[in-house]
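Q: I would like to see how this sequence folds:
(chains A and B)
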There are 2 protein chains.
Amino acid sequence: MKRIAIDMDEVIADFHSKILHTWNRHFSQELTTEELNLFDLHQDDPEKLEEIFELAGHPDFFADLAVIPDSQRVIASLSKHYEIFITTAAMQVPASFNAKFRWLNTHFPAIKPSHIVFCGNKSIINADYMIDDNAINFVDFCGEGILYTAPHNRHVTGYRRVDSWRDVEALLL
Amino acid sequence: MKRIAIDMDEVIADFHSKILHTWNRHFSQELTTEELNLFDLHQDDPEKLEEIFELAGHPDFFADLAVIPDSQRVIASLSKHYEIFITTAAMQVPASFNAKFRWLNTHFPAIKPSHIVFCGNKSIINADYMIDDNAINFVDFCGEGILYTAPHNRHVTGYRRVDSWRDVEALLL
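A: Numbering: from 1, shown residues only, chains lettered A, B, ... in the order given. Predicted structure coming up:
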């Protein structure tokens, strides 16, 4: 059985909407989803980025993220044909461990704890496919990276790309 | 650079001594380190096992585990020749996430958070070597498992075995 490693934030959990809402409220702005690019902020405004990540570092920030449409249904279908692991970069926000674990248990109860991985550098993951919004995770990955579209990765090329879980369904089922 | 995945409990963190101490105090017994075999308890006395794991499930249980002798020195040497990841099964005791993370940060500050992995089923780990006390983790592992001796695995065969970090040093350096 082939194995799929599935990222959490921006792939099954809608991190961006909450951080956008948090950002606009905190800085009294009205940025759109396209205008807020956290990746660019590393260079453009690291202080603001640090400030917003402090808010995201609250233990409960991850608790109420919305589920990305169709992810539950498609992952349930995929799990009949593939071994599914959730592989999420949690090590930079240790305060998120428990909220992320509870979120998965609530929204994806069929995924066993044994198939949840909290990691940092994802080259440690041994899988056939990795569905992720961050192409940096594909660089030393032993399988094939499948890029899940997010505002910050629209210009990235070199990987098969999916815009939605319906696209994943068409690609892998 | 080849990569080594290193387990935490019983390999770098002395889990057994603390659970033995906790057991003897809780059940008013005086078992020796050889007499307490948590693995056998799955069959022999699951109720007692559950009781003791409830105590181990306290968020701070993992905080004050002793460091296994020579592990810090040898891992520091290994890190000059290998890429080191800590890969620990944390998903069955979610309350341990933060204590384990802090423990690593305290005793192995040179290991970056990006190289710490909390997982369950370790077949997800992509490494050349895995140093672990639980041979079940080697079954579907893509690299070579190196068995770190613990009371519960003395009769396991089929893998290269190390009794101490000095043995690891001799084997891999």
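Q: Chain B contacts on chain A?
A: A:3, A:5, A:85, A:87, A:90-92, A:94, A:97-98, A:101, A:112-121, A:123-127, A:142 (Cβ under 8 Å from any Cβ of the partner chain). The C-beta positions use only the backbone N, C-alpha and C, and glycine is treated the same way.
Q: Taking those residues, please make a ChimeraX selection of just the buried ones.
A: Here is the ChimeraX command that selects the buried residues among these (16 or more other Cβ atoms under 10 Å in any protein chain shown):
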select /A:3,5,85,87,90,91,94,97,98,101,113,114,115,116,117,118,119,120,121,123,124,125,126,127
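Q: just checking, which of the residues of chain A next to chain B belong to helices?
A: A:97, A:98, A:101 (DSSP state H).
Q: partners of the top strand by length along chain A, with directions?
A: Counting residues, the longest strand found in chain A (DSSP state E) is strand A:83-89. Using DSSP bridges, strand A:83-89 pairs in its sheet with strand A:3-6 (parallel), strand A:116-119 (parallel).
Q: for chain A, longest helix please?
A: Max-length helix for chain A by DSSP H is helix A:15-27.
Q: What residues of the helix or strand just after that helix count as buried?
A: On the C-terminal side of helix A:15-27, the nearest following helix or strand under DSSP states H and E is helix A:38-44. Under the neighbour-count criterion of 16+ other Cβ under 10 Å, helix A:38-44 has A:38, A:41 buried.
Q: okay, and the helix or strand of chain A with the least pLDDT?
A: Lowest on mean pLDDT, DSSP states H and E among the helices and strands of chain A sits helix A:38-44, with a mean of 79.
Q: circling back: contact partners of the longest strand of chain A?
A: Strand A:83-89 is contacted by residues A:1-9, A:12, A:75, A:78, A:100, A:104, A:108, A:111, A:115-120, A:122, A:125, A:127, A:130, A:134, A:137, B:121, B:124 when judged by Cβ atoms under 8 Å, 6 or more residues apart in numbering or on different chains.
Q: for it, what is the average pLDDT?
A: For strand A:83-89, mean pLDDT is 97.
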